[in-house]
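**Q** curious how this folds, go ahead:
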Amino acid sequence: MKGLRHKWRVLISGFAIALITLLQFPNFAYAQTSDPPCIHGMRIVGEQSIYLSHMGLFNNSCHDYQGIFEVSFEGANNPQKIYLDAQKKDANQNEFTIEPVQTFVLPEFASGKLTSFKAKLHKGQYERNIPRNSGLLDSDVTVKLKRVLHFRQFKPGIQQLPTSEYLLFGTSTEQLAAHLITAPPDFDQVVAVKTPLPLTDAELARAVRLVLPNRPTPNAQANLKQALKPGDKPAVQVNGQQPNKAIEAGIQYFLETADYEA
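**A** You can find the predicted model right below:
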């Protein structure tokens with residue numbers, strides 16, 4: 001009987017830990033997946049640290065995820081320096097992408113089961129470069145995962161949020177904001193924050209939800225018009241809680257609408 005009680009305690013304890021993990025980190029509910037291995041293109045942002053934003057698609061078994069990751073670049077040509085130098089060189093050209101040269105399952109990267117992959121480094125969106133590889137910066141890059149800032153799967157049939165929302169990530173000295181993608185038609189965007197909010201690195205270890213209470217989205221078309229522009233100074237609520245705080249949007253790294261129309 002004593003052994004049986006011990007087994008039940010172990011089972012209950014394990015279930016409780018799993019439940020707490022699921023509630024605390026709902027973005028990792030998709031770690032166990034039947035997704036096929038795919039090529040997962042991502043945009044690169046950041047001038048101090050390097051972050052990747054997954055190029056998602058609605059209604060696509062491979063790409064129906066929004067994911068933001070902090071990574072490092074390794075390779076013979078010092079690809080991390082190549083990117084950072086190129087990013088700072090031209091304030092009007094901020095869009096950079098990586099093109100993986102191997103397939104992988106994205107939730108395995110998000111869960112830490114896969115910690116690195118090989119890729120090419122491009123200036124611009126590599127799928128739209130004409131001629132092909134016209135923006136190639138380095139063709140032999142190892143992308144190493146440092147931490148996952150946000151990861152979740154798009155849910156079919158979900159409604160647009162009542163007000164515009166962004167995900168704040170980075171550090172206390174370099175903060176970036178990514179638009180929270182919900183339902184088509186929608187947009188993907190990352191902008192720098194010129195006036196960082198007084199949050200610690202520990203608080204920013206996971207993306208912080210910013211609600212813009214003065215930017216209502218009563219319909220999908222209104223949502224598309226709420227993209228932040230450099231110089232905008234919207235009121236925001238950290239994690240949706242008052243009081244309102246003010247931020248100023250800085251440079252825009254990219255704004256993508258075509259991939260999120262449907």
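
**Q** are we agreed that residue 147 is in a strand?
**A** Yes: counting by DSSP: H, G, I helix; E, B strand; the rest coil, residue 147 is part of a strand.

**Q** gap between residue 238 and residue 180?
**A** Separation of residue 238 from residue 180 (C-beta to C-beta, to the nearest Å): 14 Å. Bear in mind the C-beta positions are built from the backbone N, C-alpha and C, glycine included.

**Q** what sits in contact with each of these two?
**A** When C-beta atoms under 8 Å, 6 or more residues apart in numbering defines a contact, the residues bordering residue 238 and residue 180 alike are residue 209.

**Q** give me the element the residue nearest in space to the middle of the chain is part of.
**A** The residue at the geometric middle of the chain, judged as the C-alpha nearest the mean C-alpha position with C-alpha atoms, centre = their mean, is residue 68 (2.2 Å). Element membership of residue 68 [criterion: DSSP states H and E] is strand 65-74.

**Q** residues contacting that strand, please?
**A** Residues external to strand 65-74 that are found in contact with it (C-beta under 8 Å, 6+ apart): 30, 42, 49-54, 56, 79-80, 83, 106-107, 109-110, 121, 141-154, 167, 169, 178, 180-181, 188, 207.

**Q** ok, now with 6 Å
**A** Strand 65-74 is contacted from outside by 49-54, 56, 79-80, 106, 110, 141-153, 169, 178, 181, using C-beta atoms under 6 Å, 6 or more residues apart in numbering.

**Q** could you do stretch 215-234 as well?
**A** Stretch 215-234 has contacts (C-beta under 6 Å, 6+ apart) with 160, 163, 164, 185, 187, 189, 191, 212, 246, 248, 249, 252.

**Q** nearest to residue 114, of these?
**A** The shortest separation between residue 114 and any of these is 26.8 Å, and it belongs to residue 189 (by C-beta to C-beta).

**Q** C-alpha coordinates for whatever helix or strand that closest one lives in, PDB please?
**A** Under DSSP H and E, the secondary-structure element containing residue 189 is strand 188-193. As requested, the backbone C-alpha atoms of strand 188-193 are provided in PDB (Å, rounded to 0.1, in the frame of the first residue of the first chain):
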ATOM      1  CA  ASP A 188       4.000  41.300 -39.300                       C
ATOM      2  CA  GLN A 189       6.200  44.200 -38.200                       C
ATOM      3  CA  VAL A 190       9.200  44.900 -36.000                       C
ATOM      4  CA  VAL A 191      10.200  48.400 -34.900                       C
ATOM      5  CA  ALA A 192      12.800  49.700 -32.600                       C
ATOM      6  CA  VAL A 193      11.600  51.500 -29.400                       C
END
